[in-house]
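**Q** make a model of this:
(2 chains)
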Number of protein chains: 2
Amino acid sequence: MKLHDMELSGNCYKVRLMCALLGLQYESVAVDLWKGEHKSAAFLQLNPRGQVPILEDEGTLIWDSSAILLYLARRYGDEQWLPLEATKMAEVMQWLSVSQNEILYGLARARAVKKFNRPWDIAQCQALGKQALEIMEPHLSTRQWLTGELPTIADIACYSYVALAPEGGVSLEEFPAIRLWLTRIQALPGYVGMPGIADLDD
Amino acid sequence: MKLHDMELSGNCYKVRLMCALLGLQYESVAVDLWKGEHKSAAFLQLNPRGQVPILEDEGTLIWDSSAILLYLARRYGDEQWLPLEATKMAEVMQWLSVSQNEILYGLARARAVKKFNRPWDIAQCQALGKQALEIMEPHLSTRQWLTGELPTIADIACYSYVALAPEGGVSLEEFPAIRLWLTRIQALPGYVGMPGIADLDD
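**A** Residues are numbered from 1 along each chain as shown, chains lettered A, B, ... in the order given. As a prediction, this is how the structure comes out:
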């Protein structure tokens, strides 16, 4: 298995974390976004969106972090990580959507403005990102994981940019249930971190 | 089955179209966004995001258009609409992600600026939306549907705001393969349209 990867990308980190939790080995191929490698003709052959992560696995090529999480869960995990029953699967999908909406266009973009000088309106991004936290906080105050009794790919998809929110100028101070959920993920067997994610047990 | 619905919402239309294609009956409950009904306490109990659509089905409550499509496919459809094999399911997920990213934050937002005076940068939205079309055009020039041999929820998720793109000032003239794909969806048994979507056979 080969992962086209970038260390500081929260979307790549979702895949690295999922592989670690499933005990999967892979070769990491660093893509140099500063040099524009992700916009090269060779890279666009792999992913027409010109984005990392991309997973190659025995001739299968998957782009998009949510699609890769789903692939890994279906192929190498079990129904814990992606339940197949209609209502339970739809609940996982709800949070994958939050990860691709309020979290990506809010928290991740606010971080990208601050950290990588991207051209977006940081106040709009932070406000959208806070909407994600305001939805998650009451939800997580009565449960351990986003859906069901055990962690799923929904938790992994939402974790990275929530944990990285302070890098985008969005504090987690007001969100104690979210901070507890972060520590639960950090305590999962096989957990790996990434630069910028604080160890909340410190 | 009850759908909390808004006629001019492309996200609600995805659900109406999927129900029509599956031959499902439902009660449509119009939510008056102009009066802010979607931000009322009662509505936020149903969906903390304060958005339509929401589906109620025998005590099950699902928000988020992608999650509702997935629920309907798993519960009432068959594996045509959502294949369960890892690679095929991941391919469907890739396009659900495009529908929630470039299409929603690009094409749908550009339309919302023009049609509903929303406060976003229309040039940025149109540019992001065109990225979706530029990915889809070569992909659809060699195949009938976004994934596999038959339409899936990926096609339904991407259809509405692509078909509505001209309302956001994004022309489909340069995208003949996409226009053919739109006519294929319009020819599906049970197809229903919505205001603003041109019948391309005219």
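
**Q** quick one: residue A:158 from residue A:181, how far?
**A** Separation of residue A:158 from residue A:181 (CB to CB, to the nearest Å) stands at 9 Å. All C-beta atoms are positioned from the backbone trio N, CA, C, and that covers glycine.

**Q** quick check: neighbours shared by the two?
**A** Common contacts of residue A:158 and residue A:181 (CB atoms under 8 Å, 6 or more residues apart in numbering or on different chains): residue A:136.

**Q** what helix or strand does residue A:147 sit in?
**A** Assigned by DSSP states H and E, residue A:147 belongs to no helix or strand.

**Q** swap in residue A:62?
**A** Assessed by DSSP H and E, residue A:62 sits inside strand A:60-63.

**Q** how about that strand as PDB, C-alpha atoms only?
**A** C-alpha atoms of strand A:60-63 as PDB (Å, rounded to 0.1, in the frame of the first residue of the first chain):
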ATOM      1  CA  THR A  60      -6.800   0.300  -6.800                       C
ATOM      2  CA  LEU A  61      -6.400   4.100  -6.700                       C
ATOM      3  CA  ILE A  62      -8.500   6.100  -4.300                       C
ATOM      4  CA  TRP A  63      -8.500   9.900  -3.800                       C
END
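
**Q** after that strand, next one along is what?
**A** Per DSSP H and E, the helix or strand that comes after strand A:60-63 is helix A:65-76.

**Q** could I get the CA-only coordinates of the helix or strand of chain A with the lowest mean pLDDT as CSV?
**A** Lowest mean confidence among the helices and strands of chain A (mean pLDDT, DSSP states H and E): helix A:41-46, at a mean of 95. Extracted in CSV, the C-alpha atoms of helix A:41-46 (Å, rounded to 0.1, in the frame of the first residue of the first chain):
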residue,chain,number,x,y,z
ALA,A,41,0.6,16.2,-15.1
ALA,A,42,1.8,13.0,-13.5
PHE,A,43,0.0,13.7,-10.2
LEU,A,44,-3.2,14.9,-12.0
GLN,A,45,-3.3,11.4,-13.6
LEU,A,46,-3.6,10.0,-10.2
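
**Q** any idea how far the residue sitting furthest away from the middle of chain A is from residue A:48?
**A** Using CA atoms, centre = their mean, the residue of chain A lying farthest from its centre is residue A:41. It sits 26.4 Å away. For residue A:41, the distance to residue A:48 equals 11 Å [CB to CB].

**Q** identify the bridge partners of residue A:63.
**A** residue A:54 (DSSP bridges).

**Q** wait, it touches residue A:56, no?
**A** No - between residue A:63 and residue A:56 there is no contact under CB atoms under 8 Å: 10.2 Å.

**Q** between the two, which one's more packed in?
**A** residue A:63 (21 against 16; other CB atoms under 10 Å in any protein chain shown).

**Q** got the contact list for residue A:55?
**A** Applying CB under 8 Å, 6+ apart to residue A:55 gives the contacts A:1, A:2, A:3, A:4, A:15, A:26, A:61, A:62, A:63, A:68, A:71, A:72.

**Q** okay, and the beta partners of the third one?
**A** Following DSSP bridges, residue A:3 is listed with bridge partners residue A:28, residue A:55.

**Q** contacting residues around it?
**A** Applying CB under 8 Å, 6+ apart, we find residue A:3 in contact with A:12, A:15, A:16, A:19, A:26, A:27, A:28, A:29, A:53, A:54, A:55, A:56.

**Q** and the gap between the last one and chain B?
**A** Pointing back at residue A:56 there. 12 Å (CB to the nearest CB, to the nearest Å).

**Q** cool, the first one as well?
**A** Going from residue A:12 to chain B by CB to the nearest CB gives 15 Å.

**Q** and chain A, which residues reach chain B?
**A** With CB under 8 Å from any CB of the partner chain as the criterion, chain A comes near chain B at residues A:48-49, A:60, A:62-64, A:66-68, A:70-71, A:74-75, A:84-87, A:89-91, A:93-94, A:96-98, A:100-102, A:104-105, A:121, A:131, A:134-135, A:138-139.

**Q** buried subset of the residues you listed, written for ChimeraX?
**A** For the buried members of the residues of chain A next to chain B, the matching ChimeraX selection, counting by 16 or more other CB atoms under 10 Å in any protein chain shown, is:
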select /A:48,49,62,63,64,66,67,68,70,71,74,75,86,87,89,90,91,93,94,96,97,98,100,101,102,104,105,121,131,134,135,139
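
**Q** enumerate every residue touching residue A:114.
**A** The neighbourhood of residue A:114, defined by CB under 8 Å, 6+ apart, consists of A:122, A:167, A:168, A:169.

**Q** any regions of chain A where pLDDT drops low?
**A** Filtered on pLDDT under 70, chain A yields the residue ranges A:200-202.

**Q** among the contacts of residue A:114, which two are most distant?
**A** The most widely separated members of the contacts of residue A:114, counting by CB to CB, are A:122 and A:167 (12.0 Å).

**Q** tell me which of these two has more neighbours.
**A** Taking neighbours as other CB under 10 Å, residue A:122 and residue A:167 compare with residue A:167 leading, 21 against 18.

**Q** can you tell me how far the nearest residue to that one once chain neighbours are set aside is from chain B?
**A** Leaving aside its chain neighbours, residue A:167 sits nearest to residue A:111 (4.6 Å; criterion: CB to CB, 6 or more residues apart in numbering or on different chains). From residue A:111 across to chain B, the span is 17 Å (CB to the nearest CB).

**Q** ok, now residue A:178?
**A** Residue A:178 is 14 Å from chain B, where distance means CB to the nearest CB.

**Q** isn't that residue up against residue A:137?
**A** Yes - counting by CB under 8 Å, residue A:178 does reach residue A:137; the two are 5.6 Å apart.

**Q** show me the domain layout of chain A.
**A** Here the domain parsing of chain A from automatic domain parsing is A:2-76, A:86-186.

**Q** and the shortest one, how far out from the chain's middle?
**A** Centroid displacement of domain A:2-76 relative to its chain, using CA atoms, centre = their mean, to the nearest Å, is 12 Å.

**Q** next: the last one.
**A** Averaging C-alpha coordinates over domain A:86-186 and over its chain gives two centres that are 9 Å apart (CA atoms, centre = their mean).

**Q** just the endpoints, please. Distance across it?
**A** One end of domain A:86-186 sits 29 Å from the other (CA to CA, to the nearest Å).
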